[in-house]
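1. Structure for this input, please:
(chains A and B)
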Amino acid sequence: MASLVGSRVERKEDKKFLTGKGRYTADINITNQTYAVFVRSPHSRAKIQKIDVSKALRADGVVSILTGEEIAKDKIGGLIAGWAIRSQDGSEMKIPANPPLAKEHANFVGEPIAVVIAESLAEAKAAAELVNVDYKVLKGVVNTAEAMNGETIHEGIDKNLCYDWLLGDRKAVEEAFAKADKIIKVDLINNRLVPNAMEPRACVTDYNTASEEITLYTTSQNPHLSRLIMSAFGGVAPENKLRVVAPDVGGGFGSKINVYNEEIVCSWASKKIERPIKWVAERTESFLTDTHARDHVTHAELAVTKDGKFLGFKNETIANLGAYARVFATVTPTYLFGPCATGVYVIPAAYTNVKAVYTNTAPIDAYRGAGRPEATYTIERLVEKAAMELGIDKTELRMRNFPKQFPFKQTLVHTIDSGDYGAGLEKAKKMSDYDGFEARRKKSAANGKLRGIGVSSYFEACGIAPSAAVMSLGCGVGLWESAEVRFNPTGQISIYTGSHSHGQSHDTTFAQIAADELGVPMENIDVIHGDTDKGTFGMGTYGSRSLTVGGIAIVNACRKIVAKGKKVAAKMLEVSENEIDFKNGEFVALKSNKKKTIGEIAFALYLPGSRDSDFKSQLPDGMEPGLIETAFFDPANFSFPAGTHICEVEIDPETGEVKVEKYTAVDDFGRIVNPNIVEGQVHGGIAQGIGQALYENAQYDETGQLVTASYMDYTMPRADNFPEFNLGFTCTPATTNPLGVKGCGEAGAIASPPAVMNAVIDALGGQEISMPATAEKVWRACKSMKKSNYKAA
Amino acid sequence: MQKINLKVNGKSVSKEVPDHTLLSIFLRDHLNLTGTHIGCDTSQCGACVVHVDGKSIKSCSILVADINGSKVTTIEGLAKDGKLHPMQEAFKKKHGLQCGFCTPGMVMSAIDLLQTKKNPNDDEIREWLEGNICRCTGYQNIVEAVKEAASNM
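-> Residues are numbered from 1 along each chain as shown, chains lettered A, B, ... in the order given. Below is the predicted model of the structure:
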């Protein structure tokens, strides 16, 4: 039987989505359901003096109105930060309380103050207008760079500073800088983004008065984790009385990791009113309240010798957390950022200092790449600028500083198991016709256009994450993953995973893996996830972990199945276990070549009677019947994909419009299970990264109003913004898992922003501009360029 | 209230609905055809595209009362006798979808493109689909799928 791993199998999940049979949370309706609408703060910072619901309560169809007072009375807990980060002085990070309904202070526009529950959505909306909140409006702290000088947002948190974190050795860095021929410096803004999964967040909650169980249908990337948080920290219900179902989920990108206010409030309120409640976000609510992303202000320096050797790296960053610290908020700008900021290079001395600040803006948390796009942008802007200032070809400069050996111990934290960065760069150069660029530049110039080329070589640390490592970094929980492989008596297989697919194609990829392991057709395998009542507790999907952690748990569970099956086969074939070989779904007695299929073994394990003269069991003495195995996989290390992306842009100086002319990506994801799916992940990631570089920006005004809160104002990339991406792969298998796979979900979004910006800045003759490189900004930059510059280029 | 008579996916439907009912809401809430998705509320994202009398339209941007008497086709009405429409087949073959949320609108829009232009090139496809936002695929395999369908339709 040919291996399915590595082949372009069509997706098992497609038919339901293509025929309108997907079942997303907003598609779910429950008899007798009510509708929730949230009253939200219109102010970025205000004291809540009084909430008057009397008029709203008398409105048509209103069932209940609940505020922060009631939720506090019922001792429902707030939202949490999942990772403990220490400041460089040893002090603990400062975390403000984040109640599900704000009671005394509102700290960002959109923060929920009260919930109105009514018989219809229209009635709930109308009544919400009648809730009268008396606010004392305060001056909001909005600007990231200025946050430490603003008024104190949360009592007791001086300078609005959550932590002042340092990774690395300042003294060693200063010594390295003293030896440098040249110091390259950049000041960067990593622009604030909104993840914008196409499915808006939603929840439907249903309390059963007899069983006292709450069922929460929700748009989550990690239903088991949501249940744990809601139970352990929210106190909404004990875990056995809380079922969380994340059915089909329309994209996540990190924005659906968190348990949100609305899910806690509706679950709790459903129990209070003893009726189901449905809440679906409007797009503007999503803009205001989904976790945002990035928003760093960075000053970084690279010390180099005149022949281009990197000596030292400094990174001083202010990271905006928004109004509160959420689940991955504190680790994203620290351990997911700092270690990766030295990039794919041997740099003997480095440090990253991050000051994480609170502001009166939507909370910021993980978004595709989480910390690693910011890191890669920092180092790859520096390297590109260094090449320009040193007069060394940008690919040559990178090549000179790549590690020559693996495992590669990078400067700050990680030991990278495998890679070949030079091979990736060479392949990308060839595929992009890098050497032919100057001719293309001349041709563009002849047409009055500016052409630029940008390179981005990256590695990232994903497959989040090995428990031992992350616990030492301050994570409250180890991030392993679970799998359960269940054979039915007649041979079909159900695989339960604790990870969750919201576009990642688990149904297909995991079936391919298990089909190879068990030697059965993948049509006989169903992958089940997204329901805490089905399968074992698991951690969910984020940080490119589903395959590298969850997939390996499946492999291990399959191998336990085979091990048990072998014992039964040995008895049935009357040989010893070590005389049995398992391949292509058959247990074969080596000497006699007698066989039993895995299906026959499964049948025997459920219905073990065989008849000679009397019925007797075919199972070895003492063996438990049944063929179900569970595995928990906790990886030994992170997963380290890497590669080089090369982008070529053309700018029309008359309009400032940037056109991505060519985009080449060469990635090393180790062994690839399904090339279609991996390419799809890369395409999507690149598109999001180009979106960050050229189009997207979450813009608050000086009072903290989000002025880009709809698709009319926030520029989502469209089909006509992109060329055809040209993808290539290199392969150095991971040594830390039995499949040799590496995470592929985030790489595109990590590598692409600097590739694009380096190309834009190259086209502008080195003139630095910030992301997004909108037509206006680029047009202004073109205006300030000397005409002779681009005529000569 | 308005009495609405439509032919939806080949079946006659008759319902009394409030005047302000959008076609998208009518399909989802009154007919339980939840394959048509609502992604933005400002007629930007295109997840709600259906066909009205054979032409693609964002169903969130029209009152159902305004199309009374029309023929409507939604994503649920494309496959015939269990056989997928060539556009659905092409999306599957070319991995033109990931989370699936934008897919119904994308497929309905793409079919209308091929009704308008038989063999569009990449630029024409990208320009036509400008009104459909996808956050997962980077559009590349969607373009591939439309070309594949064009060669089979």
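
2. May I have the phi/psi pair for residue 95?
-> Here I'm looking at chain A. Main-chain dihedrals, A:Ile95, degrees, to the nearest 10: phi -120, psi 120.

3. was after chain B, sorry
-> The phi and psi values for B:His95, taken as degrees, to the nearest 10, are phi 50, psi 50.

4. How about the secondary structure of the residue nearest to it when sequence neighbours are not counted?
-> Leaving out its chain neighbours, the residue that sits closest to B:His95 by CB to CB, 6 or more residues apart in numbering or on different chains is A:Asn676, at 4.3 Å. Just so you know, the C-beta spots here come from the backbone N, C-alpha and C atoms, and that holds for glycine as well. Under DSSP: H, G, I helix; E, B strand; the rest coil, A:Asn676 falls in the helix class.

5. Verify the stated contact: A:Asn676 with A:Arg8.
-> Yes. Contact criterion CB atoms under 8 Å: A:Asn676 and A:Arg8 qualify, at 4.7 Å.

6. residue ranges with poor pLDDT in the chain?
-> Just so you know, I chose chain A. Scanning chain A with the threshold set as pLDDT under 70 gives A:1, A:474-477, A:611-614, A:786-793.

7. Minimum distance to chain B, which residue of it gives it?
-> Nearest residue of chain A to chain B (CB to the nearest CB) works out as A:Gly20 at 2.0 Å.

8. does that residue count as helix, strand or coil?
-> Under three-state DSSP, the three-state class of A:Gly20 is coil.

9. and the gap between it and B:His95?
-> Applying CB to CB, to the nearest Å, the value for A:Gly20 to B:His95 is 19 Å.

10. Who has more neighbours out of the two?
-> Each of A:Gly20 and B:His95 has its neighbours counted (other CB atoms under 10 Å in any protein chain shown); B:His95 has more, 27 against 24.

11. Going along the chain, name the strands of chain B.
-> B:2-8, B:11-17, B:49-52, B:55-58, B:71-73 (DSSP state E).

12. what do you get for the stretch 451-600 of chain A?
-> All strands of the stretch 451-600 of chain A, identified by DSSP state E, counting those that start in this stretch, fall at A:481-487, A:493-497, A:525-528, A:580-583, A:586-589, A:595-597.

13. what's the closest of those to A:Ala747?
-> strand A:481-487 (19.9 Å; CB to CB).

14. starting at the chain centroid, how far to the closest one?
-> Computed by CA atoms, centre = their mean, to the nearest Å, the separation of strand A:481-487 from the middle of its chain amounts to 23 Å.

15. Identify the residue of chain B closest to chain A, quick one.
-> Closest point on chain B to chain A, by CB to the nearest CB, is B:Gly35, at 2.0 Å.

16. Dump the strands of chain B into TSV; add mean pLDDT as well.
-> Output for the strands of chain B, formatted as TSV (pLDDT from 0 to 100):
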stretch	mean pLDDT
strand B:2-8	96
strand B:11-17	97
strand B:49-52	98
strand B:55-58	98
strand B:71-73	98
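
17. Check those strands for me and report the most buried one.
-> For the strands of chain B, the largest average neighbour count (mean count of other CB atoms under 10 Å in any protein chain shown) is found in strand B:49-52, namely a mean of 24.

18. Give me the sheet partners of that strand and which way each runs.
-> Using DSSP bridges, strand B:49-52 pairs in its sheet with strand B:55-58 (antiparallel), strand B:71-73 (antiparallel).

19. out of the ones you listed, nearest to A:Asp634?
-> Closest among the strands paired with strand B:49-52, using CB to CB: strand B:55-58, at 47.3 Å.

20. hang on, A:Lys47 packs against A:Glu104?
-> Yes. Using CB under 8 Å, A:Lys47 is in contact with A:Glu104, at 6.8 Å.

21. any chance you could map the helices in chain B?
-> Listed in chain order, the helices of chain B (DSSP state H) span B:23-25, B:86-93, B:103-116, B:122-128, B:140-152.

22. Ramachandran angles for A:Leu727?
-> Torsion angles at A:Leu727 (phi, psi; degrees, to the nearest 10) stand at phi -110, psi 140.

23. about what we covered before: now the residue nearest to B:His95: how far from A:Glu650?
-> 30 Å.

24. Repeat that for A:Lys47.
-> To A:Glu650, A:Lys47 is 52 Å away according to CB to CB.

25. Give me the more crowded residue out of these two.
-> The neighbour comparison of A:Lys47 against A:Glu650 (other CB under 10 Å) goes to A:Glu650, with 21 against 13.

26. mind listing what's buried in stretch A:186-205?
-> For stretch A:186-205, a neighbour-count test (16 or more other CB atoms under 10 Å in any protein chain shown) marks A:186, A:188-205 as buried.

27. same for chain B: which of those residues are within range?
-> Contacts with chain B are made by A:Asn196, A:Ala197, A:Met198, A:Glu199, A:Pro200 out of these, judged by CB under 8 Å from any CB of the partner chain.

28. what's the neighbour count on A:Phe310?
-> Neighbours of A:Phe310 (other CB under 10 Å): 29.

29. So between A:Asn676 and A:Arg8, which is more surrounded?
-> Using other CB under 10 Å, the more surrounded residue of A:Asn676 and A:Arg8 is A:Asn676, with 19 against 11.

30. and that one, what does it touch?
-> A:Arg8, A:Val9, A:Glu10, A:Arg11, B:His95 (CB atoms under 8 Å, 6 or more residues apart in numbering or on different chains).

31. Tell me who's in contact with A:Tyr421.
-> Counting by CB under 8 Å, 6+ apart, A:Tyr421 has contacts A:Val344, A:Arg398, A:Phe402, A:Pro403, A:Ser457, A:Phe459, A:Ala642, A:Thr644.

32. What about those, which are in strands?
-> Judged by DSSP E, the subset of those located in strands is A:Ser457, A:Phe459, A:Ala642, A:Thr644.

33. Now do the contacts for the closest residue to the third one other than its chain neighbours.
-> It stands for A:Ala642. In space, and not counting its chain neighbours, A:Ala642 is closest to A:Phe459: 3.8 Å by CB to CB, 6+ apart. Contact analysis of A:Phe459 by CB under 8 Å, 6+ apart lists A:Cys340, A:Gly343, A:Val344, A:Gln410, A:Ile416, A:Gly419, A:Tyr421, A:Phe640, A:Pro641, A:Ala642.

34. ok, the residues you listed vs A:Glu600, which is closest?
-> Nearest member of the contacts of A:Phe459 to A:Glu600, counting by CB to CB, is A:Pro641, at 40.6 Å.

35. The closest residue to that closest one other than its chain neighbours and B:Gln115: what is the separation?
-> In this structure, A:Pro641 finds its nearest non-sequential neighbour in A:Lys742, 4.3 Å apart by CB to CB, 6+ apart. A:Lys742 sits 43 Å away from B:Gln115, going by CB to CB.
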